[in-house]
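> structure here, sequence nowhere to be found:
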């Protein structure tokens with residue numbers, strides 16, 4: 001019984017340590033990394049458009065400006081485990097295909113963008 005209890009406690013410590021390392025974050029254009037919880041919220045005057053906020057450990061929330069961000073990394077948010085990047089410094093798009101050519105989908109609408117070898121996102125008409 002003592003061996004089982006020790007194994008059980010050890011397993012919990014390993015599992016909780018692995019989860020603790022998954023912190024959501026954003027990377028600014030200045031290459032600063034800001035850790036916190038990524039929150040999705042609709043715009044007040046136009047609920048069809050969304051914006052992203054980041055909440056720090058103290059509970060303080062700040063709207064994420066697409067013009068100042070390179071990338072957002074989400075793990076447990078509305079969008080699941082994903083990379084979110086700004087489009088033309090105005091909107092956000094979620095990466096849906098990873099590879100040499102990556103495909104991104106707008107968060108507000110069903111519009112797709114591509115990025116080749118990590119370049120800026122570009123609109124592509126797939127119709």
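Received it, and whenever you're ready, just let me know what you need. None of these values were measured; they are calculated from a predicted model. Residues are numbered from 1 along each chain as shown.
> and residue 70, how far is that from residue 58?
24 Å (Cβ to Cβ, to the nearest Å). The C-beta positions use only the backbone N, C-alpha and C, and glycine is treated the same way.
> go on, residue 106?
31 Å.
> tell me which of these two has more neighbours.
residue 106 (17 against 7; other Cβ atoms under 10 Å).
> need the strands for the protein, in chain order.
25-28, 33-35, 37-42, 50-55, 61-63, 69-77, 80-87, 91-97, 101-106, 112-116, 122-123 (DSSP state E).
> which of these has the lowest mean pLDDT?
Per-stretch mean pLDDT for those is lowest at strand 37-42 (a mean of 83).
> so what touches it?
24, 26, 48-55, 61, 72, 74, 77-79, 84, 107 (Cβ atoms under 8 Å, 6 or more residues apart in numbering).
> filter these to the buried ones?
24, 26, 50, 51, 52, 54, 72, 74, 77, 79, 84, 107 (16 or more other Cβ atoms under 10 Å).
> tell me who's in contact with the second one.
Shown here is residue 26, whose contacts under the criterion Cβ under 8 Å, 6+ apart are 33, 34, 38, 54, 64, 69, 71, 72, 73.
> now swap in the first one and tell me
By Cβ under 8 Å, 6+ apart, the residues touching residue 24 are 35, 36, 37, 38, 54, 72, 73, 74, 75, 76, 77.
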